[in-house]
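In: Provided below are the primary sequence and the corresponding predicted coordinates.
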Amino acid sequence: MGNLRRVGVGLGLGVLTLAVAAPSASAHGPSGQTFGRATLTGWAALPAATFVPASEPSGSLLGGTPSNGITPPFDDQPVQGFSGIVRNGDGTFEVLSDNGYGNKANSADFVLRIHRVGPDYGTKTVDVLGGINLTDPKGYVPFPLTRADRVLTGADFDVESIQRAKDGSYWIGDEFGPYLLHFDRAGRLLQAPIPLPGVRAPENPLGNPNLPSSKGFEGMAQSPDGKKLYPLLEGVVAGDPAGALRFNEFDVVKQQFTGKRYTYQLEDPANAIGDAIAVDEDRFLIIERDNGQGDTAKFKRIYLADKRDRNRDGKMDKTLVADLMNIADPRHLGGSADVFTFPFQTIEDVVLLDDRTLGVVNDNNFPFSSGRTAGKPDNNEFITIRLTDSLHPDKRLLK
């Protein structure tokens, strides 16, 4: 596949130039805070056909059918499907690839991996600087794995969210259990997968599912002190109200779910969430999206959700902070239009950069999604947006 882009070796870190946000209709939350139209301050893209050099073949279970001009199988592992992000503090990020090609049956030769990337907003490019594979060398996973060498694949777990602990280890949310997975800084599993009590996905080997397929832990926030995790289900548990997603609390010190949970209510039961991160002890940024792409993409938003439930309706209070289909682009960083849109089917990464600047990345579902240009596989686009008002985040989350 000589015409496909391999990973870069250099790192360029562009300086962000912040523009004044254009006014638009504001969204009011119960606290009274309002936000207008966000402004694009940076854009960079990693080409869709980017592969880990000298890795292993992948995509053999896709049937050799072309999709958006790309024909599997591939000589190497794709660098794609970014479903979680961690800021490193030096302009680079750790990004998590999900299960690969969409389900257990077709992703057994996709190796689960955390990539280190560096977007350069000056050149509008993204360098892939390395990464680690996720493995289980000590045999903590209690069910059979795909590979005898215990390198984890997309047939074992569907990893969708990531947080880094103070000791450098990683907590990762999985959809197939759903499970919490704890890895050391080299990507080795540190303990048995931790299930969410009372909830099982169809892919869970114990059976008796009460959650739709591929609707487990899609987002996961970490409290500012690092003592709590808040994994958010993408799907509704059987018997819960339509569109009501469980936002669970996990005690990192005690290594158990506390039993506390909050309800994030989707604006439309047909919507899904893409990511969840903390702003402080009580507030979280949550991506909510429809299932459309390109011309059919209508609803791609970031909400500020408050678990204090000040209006006492039993749901997290929501304030719209950014409409990703209506971003001001006065400097034309993302194209020739004054309004920039992020029309991807799955947008699964949001990260705090400062008190009012967010980084947002799509999951390109390589090679299947084509939200930017019909018939062409989506790139992984990295954008930065400036909000009209400060989020007043806990300063510990910006270190």
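Out: Now that the structure is in, tell me what you want to look at.
In: Low-confidence regions, this protein specifically.
Out: Within the chain, the segments meeting pLDDT under 70 span 1-32.
In: how about 50 then?
Out: By pLDDT under 50, the weakly predicted segments of the chain are 1-26.
In: and D251, what is it in contact with?
Out: 227-228, 257-258 (Cβ atoms under 8 Å, 6 or more residues apart in numbering). From N, CA and C alone the C-beta is placed, and that goes for glycine too.
In: would you list the residues you listed in a markdown table and tack on secondary structure, distance to N362 and neighbour count?
Out: Formatted as a markdown table, these follow (DSSP: H, G, I helix; E, B strand; the rest coil; distance: Cβ to Cβ, whole Å; neighbours: other Cβ atoms under 10 Å):
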| residue | secondary structure | distance to N362 | neighbour count |
| --- | --- | --- | --- |
| K227 | coil | 31 | 14 |
| K228 | strand | 28 | 18 |
| F257 | strand | 30 | 19 |
| T258 | strand | 33 | 11 |
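In: now for the residues you listed, which pair is the farthest apart?
Out: For those, the farthest-apart pair by Cβ to Cβ is K227 and F257; their separation is 13.6 Å.
In: how far away is K104 from A221?
Out: 27 Å (Cβ to Cβ, to the nearest Å).
In: Which one's more surrounded, the two?
Out: Between K104 and A221, counted using other Cβ atoms under 10 Å, the more crowded position is A221 (24 against 20).
In: Output the contacting helices and strands for the helix or strand hosting that one.
Out: Secondary structure from DSSP states H and E places A221 in strand 217-222. Strand 217-222 is packed against strand 159-164, strand 170-174, strand 228-233, strand 272-278, strand 283-289, with contacts defined by 3 or more Cβ pairs under 8 Å, 6 or more residues apart in numbering; DSSP states H and E.
In: can you give me the strands in the stretch 201-350 of the chain?
Out: Applying DSSP state E, counting those that start in this stretch to the stretch 201-350 of the chain gives strands spanning 217-222, 228-233, 244-251, 256-265, 272-278, 283-289, 300-306, 317-323, 327-328, 339-340, 346-354.
In: The second one pairs with which strands, parallel or anti?
Out: According to DSSP bridges, strand 228-233 has the following sheet partners: strand 217-222 (antiparallel), strand 244-251 (antiparallel).
In: Also the fifth one?
Out: Partner strands for strand 272-278, per DSSP bridges, with pairing direction: strand 283-289 (antiparallel).
In: List the contacts of the partner strand.
Out: 219, 221, 230, 232, 247, 264, 266-267, 271-279, 299-307, 316, 321, 345-348, 350, 352, 358, 360, 391.
In: same deal with stretch 100-111?
Out: Here stretch 100-111 has contacts from 55-62, 73, 77-78, 81, 97, 99, 133-134, 146, 151-155, 158, 176, 203, 213-214, 365, 368, using Cβ under 8 Å, 6+ apart.
In: how about 6 Å then?
Out: If you take Cβ atoms under 6 Å, 6 or more residues apart in numbering as the criterion, stretch 100-111 is touched by 58, 60-62, 77, 99, 133, 146, 151, 153-155, 203.
In: Same check on stretch 370-386?
Out: Stretch 370-386 has contacts (Cβ under 6 Å, 6+ apart) with 16, 18, 21, 38-48, 68, 70, 82, 119, 126, 293-294, 322, 327, 343-345, 357-362, 364, 366-367, 369.
In: Figure out the length between the terminal residues of that stretch.
Out: End-to-end span of stretch 370-386 (Cα to Cα, to the nearest Å): 26 Å.
In: Distance from the chain centre to it, please.
Out: Put simply, stretch 370-386 sits 15 Å off its chain's centre (Cα atoms, centre = their mean, to the nearest Å).
In: can you check stretch 91-99 too?
Out: 9 Å.
In: repeat for stretch 178-192
Out: 18 Å.
In: Give me the buried subset of the contacts of stretch 100-111.
Out: Among those, the ones that count as buried by 16 or more other Cβ atoms under 10 Å are 58, 61-62, 77, 99, 133, 146, 151, 153-155, 203.
In: Rebuild the residues you listed as JSON lines, extending it with distance to S169 and secondary structure.
Out: What follows is the buried ones among the contacts of stretch 100-111, written out as JSON lines (distance: Cβ to Cβ, whole Å; DSSP: H, G, I helix; E, B strand; the rest coil):
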{"residue": "S58", "distance to S169": "27", "secondary structure": "strand"}
{"residue": "L61", "distance to S169": "31", "secondary structure": "helix"}
{"residue": "L62", "distance to S169": "33", "secondary structure": "helix"}
{"residue": "Q77", "distance to S169": "23", "secondary structure": "coil"}
{"residue": "N99", "distance to S169": "21", "secondary structure": "coil"}
{"residue": "N133", "distance to S169": "16", "secondary structure": "strand"}
{"residue": "T146", "distance to S169": "24", "secondary structure": "coil"}
{"residue": "V151", "distance to S169": "19", "secondary structure": "strand"}
{"residue": "T153", "distance to S169": "21", "secondary structure": "strand"}
{"residue": "G154", "distance to S169": "22", "secondary structure": "coil"}
{"residue": "A155", "distance to S169": "24", "secondary structure": "coil"}
{"residue": "E203", "distance to S169": "25", "secondary structure": "coil"}
